[in-house]
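Peer 1: make a model of this:
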Amino acid sequence: MLKPNQKNYRYNQTLGKTGNNFLKGTKGLGGIGAAINISYSVVEFYNYCYVNGGTNWAFGPKVVLNFLKTGVGFIGLVGFAVNTTYFLIDTATDGFGGLGIPPQ
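Peer 2: Numbers count the residues shown, from 1 in each chain. So this is what the prediction gives:
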């Protein structure tokens, strides 16, 4: 296991100082994006269940799946691709066929 200063030296030698700073910035943006996604899912769940009186049991597991898929996005390039595909399909299908749409 590398010590923090050895790891930083390796990154600087491989990526250069600008590349290393870019890498740190993108990691920070990933954390911010994850926080936004989780916050959005919690608000969506609250609005569906408590504000609009939704009763579809499948919406709860969908929110849990959203949390898990957020974590998958941090696995690497493949995780990012899987996560992006999931959320694009979720958006395109209105929550996989209307999950989360308030009852009429």
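Peer 1: which elements pack onto whichever strand or helix holds K27?
Peer 2: Secondary structure assignment for K27, by DSSP states H and E: helix 4-46. Counting contacts by 3 or more CB pairs under 8 Å, 6 or more residues apart in numbering; DSSP states H and E, helix 4-46 packs against helix 59-72. Glycine gets a C-beta too; all of them are placed from N, C-alpha and C.
Peer 1: mind listing what's buried in the helix or strand that the helix it packs on is followed by?
Peer 2: Helices and strands here follow DSSP H and E; after helix 59-72, the next one along the chain is helix 77-92. For helix 77-92, the buried set under the neighbour-count rule, 16 or more other CB atoms under 10 Å, comprises N83, Y86, D90.
Peer 1: over to stretch 59-71?
Peer 2: F59, K62, V63, N66, K69, T70.
Peer 1: same thing with stretch 11-26?
Peer 2: With the criterion 16+ other CB under 10 Å, stretch 11-26 contains buried residues Y11, N20.
Peer 1: avg pLDDT for it?
Peer 2: Along stretch 11-26, the predicted confidence averages to a pLDDT of 77.
Peer 1: what's that stretch in contact with?
Peer 2: N8 (CB atoms under 8 Å, 6 or more residues apart in numbering).
Peer 1: quick one: distance of it to the chain centre.
Peer 2: Taking the mean C-alpha point of stretch 11-26 and that of its whole chain, the gap between them comes to 23 Å (CA atoms, centre = their mean, to the nearest Å).
Peer 1: much appreciated, bye for now.
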